[in-house]
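**Student:** next one to model:
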Amino acid sequence: MVTKEIQTGVFVHVLPTKQFATTHIAVNFTQQLNRRTLNGRVLASNMLETASAKYSSQTKFAQALSEMTGASFGTEVFKVGQLHTIRLQLNLVHERFTPAGSHILNDGFDFLNEVINRPIGDETTGFASVIFNRQKEMALDEVAGLREDKPYYALREALQAYFGSSDQALPAFGTIDGLEATTSQQAWQVWQDSVAHDRIDIVVVGDVDFNKVIAATNQFNFAPRQQLLQATYHQDLLPQVKQVKSQDEVTQARLVLGYSLTSNSDERFIANVFNGLFGGLAISRLFLNIRESAGLVYGISSDYNPYTGLLLVEAGVDQINLAITITKINEELQHLQQTLVSEEELVIVKQLLKTSYTMTLDQPLYLADRLYNQQVLHQELTDEAWLTKIDAVTAAQVQAFAQRAVLQLQYEMVGGDANVD
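**Tutor:** Next up, the predicted model:
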């Protein structure tokens, strides 16, 4: 992988590989999570995916992609700790599969430049109102629709309860109130500010020439910027466990337990192994002991976020079994805190983690995402080093890590009568 800072705060990362028949380009605009700009960024992202000044309708937009031998393009927004990113992704077939004389890589960067620097609208009125209003309605419908995804909705309510009024509680894709209140002019200005001030990481994965990529990016004409980013969020321990019970139209109760579990970047491999043992894999203790052996839950898993220091356990469970399930989850955590894991179990979990990691190496999207994370979070590591560090984790390290977990949140979503078989 080769990296060049083409302007202060603007980076190009190229991973040359003949592994794929495509070239994957991701342009990432990253800033600190901020409730004043978040909803405008979401709506701007939707607009960029739909039209531009040159491609002023969805039909013209689609035609432009079709003319690049069926290229695909999309945008997304996401969070990494306290960071919020707008990502533009363009997939192109390799030039050897295109007609003679075509320059599809340059065409792709020309397209991205149109989308980024010449969106549809103007400084006075903002994004084109007809398209913007339609995109806003669609965004509102999508957010409202998540209300029916009970596992997701329970998790969002649990996170809101834990993080409270902090910006960290905000979902990456905005809120209904925030989206409704954002005007086309506000979203336009938020995007212009993002282009001018965000950290920008352009990631290219494919059989490409580094110098040609650099030459193609020059047309963006990005100005220098100083963007000091801090991904890690810290929250002090609550004086007591926060207990929340909500009622909804569910036949299966949802349980979310949250534990404070702070770590530093040197411990991320220990954290991976711990989470795999606890509830992150299909052979984890939560899955085998609480779902398979005890039959207490329909599904159960854990997830650890090193950037917020929050360990979450989610489960779908009959309401009548909520109390015993909570007890059993905490018992499984206590076992990891009090007793060294066997070498056999440790080896199995490590192998599954390494296999999962290795499988993603065949997917350019994952490779581009990994490169972005490594650069923004300053965690550069070769694939071989990643696998070696997983192997190096010891049972004693896992135990010491588990001992730092402190229960902070107990969220239950219930509804109707308890299910009794």
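
**Student:** could you pull out the strands for the stretch 201-350 of the chain?
**Tutor:** Under the criterion DSSP state E, counting those that start in this stretch, the stretch 201-350 of the chain carries strands at the ranges 242-247, 253-260, 297-305, 310-317.

**Student:** now do the same for Ala100: its pLDDT.
**Tutor:** At Ala100 the predicted local confidence, pLDDT, stands at 68.

**Student:** circling back: how about the strands of the stretch 201-350 of the chain in CSV, adding mean pLDDT?
**Tutor:** Rendered in CSV, the data for those read as follows (pLDDT from 0 to 100):
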stretch, mean pLDDT
strand 242-247, 96
strand 253-260, 98
strand 297-305, 98
strand 310-317, 98
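
**Student:** dump the ones you listed into a markdown table; add distance to Ile131 as well.
**Tutor:** C-beta: built from backbone N, CA, C; applies to glycine. Putting these into a markdown table (distance: least, Cβ to Cβ, whole Å) gives the following:
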| stretch | distance to Ile131 |
| --- | --- |
| strand 242-247 | 37 |
| strand 253-260 | 37 |
| strand 297-305 | 35 |
| strand 310-317 | 37 |
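
**Student:** roughly how far apart are the residue sitting nearest the centre point of the chain and Glu49?
**Tutor:** Taking Cα atoms, centre = their mean as the criterion, Phe78 is the residue nearest the geometric centre of the chain, at 4.8 Å. Remark: distance between Phe78 and Glu49 (Cβ to Cβ, to the nearest Å) = 14 Å.

**Student:** one more: Asp201?
**Tutor:** If you measure Asp201 against Glu49 using Cβ to Cβ, the figure is 19 Å.

**Student:** who has more neighbours out of the two?
**Tutor:** Ranked by neighbour count (other Cβ atoms under 10 Å), Asp201 and Glu49 place Asp201 first, with 24 against 17.

**Student:** not counting its neighbours along the chain, what's nearest the more buried one?
**Tutor:** If you skip the residues right next to it in sequence, Asp201 has Asn28 as its closest partner in space, 4.4 Å away by Cβ to Cβ, 6 or more residues apart in numbering.

**Student:** and that neighbour, how many neighbours?
**Tutor:** By the measure other Cβ under 10 Å, the count of residues near Asn28 is 26.

**Student:** can you tell me the SS state at it?
**Tutor:** With DSSP: H, G, I helix; E, B strand; the rest coil as the basis, Asn28 sits in strand.

**Student:** I'd like the strands of the stretch 201-350 of the chain written out as TSV, with mean neighbour count and distance to Asp107 added.
**Tutor:** As requested, the strands of the stretch 201-350 of the chain are arranged in TSV below (neighbours: other Cβ atoms under 10 Å; distance: least, Cβ to Cβ, whole Å):
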stretch	mean neighbour count	distance to Asp107
strand 242-247	13	51
strand 253-260	24	47
strand 297-305	19	39
strand 310-317	24	44
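
**Student:** extract the CA atoms of stretch 283-293 and return them as CSV.
**Tutor:** Output of stretch 283-293 as CSV, limited to C-alpha atoms (Å, rounded to 0.1, in the frame of the first residue of the first chain):
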residue,chain,number,x,y,z
ILE,A,283,-19.1,-21.2,19.5
SER,A,284,-19.1,-18.5,22.2
ARG,A,285,-20.1,-19.2,25.8
LEU,A,286,-23.2,-17.1,25.6
PHE,A,287,-24.4,-19.0,22.5
LEU,A,288,-23.5,-22.5,23.6
ASN,A,289,-24.4,-22.2,27.3
ILE,A,290,-27.4,-19.9,27.3
ARG,A,291,-29.0,-20.6,24.0
GLU,A,292,-28.0,-24.1,23.1
SER,A,293,-27.6,-25.8,26.5
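
**Student:** and it, what's buried?
**Tutor:** When neighbours are counted by 16 or more other Cβ atoms under 10 Å, the buried residues of stretch 283-293 are found to be Ser284, Arg285, Leu286, Phe287, Asn289, Ile290, Arg291.

**Student:** out of those, which are inside helices?
**Tutor:** Arg285 (DSSP state H).

**Student:** so how far is Glu49 from Leu43?
**Tutor:** Separation of Leu43 from Glu49 (Cβ to Cβ): 11 Å.

**Student:** show me what the one helix or strand Glu180 maps to is in contact with.
**Tutor:** Glu180 is part of helix 176-181 when elements are defined by DSSP states H and E. By Cβ atoms under 8 Å, 6 or more residues apart in numbering, the surrounding residues in contact with helix 176-181 are Arg35, Leu38, Asn39, Val42, Leu43, Lys136, Ala139, Leu140, Val143, Ala144.

**Student:** that older thread, could I get the buried residues of stretch 283-293 as a markdown table with pLDDT?
**Tutor:** What follows is these, written out as a markdown table (pLDDT from 0 to 100):
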| residue | pLDDT |
| --- | --- |
| Ser284 | 98 |
| Arg285 | 98 |
| Leu286 | 98 |
| Phe287 | 98 |
| Asn289 | 98 |
| Ile290 | 98 |
| Arg291 | 97 |
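
**Student:** where does pLDDT dip in the stretch 201-350 of the chain?
**Tutor:** Of all residues in the stretch 201-350 of the chain, none has pLDDT under 70.

**Student:** so the residue nearest to the centre of the chain touches Pro171, yeah?
**Tutor:** No - taking Cβ atoms under 8 Å as the definition, Phe78 is not a contact partner of Pro171, at 10.2 Å.

**Student:** quick one: mean pLDDT over the helix holding Glu180.
**Tutor:** Taken as a whole, helix 176-181 has a mean pLDDT of 98.

**Student:** helices or strands up against whichever helix or strand comes after that helix?
**Tutor:** Reading on from helix 176-181 to the C-terminus, the next helix or strand found by DSSP H and E is helix 184-197. Where contact means 3 or more Cβ pairs under 8 Å, 6 or more residues apart in numbering; DSSP states H and E, helix 184-197 is packed against strand 22-32, helix 35-48, strand 126-127, helix 129-145.
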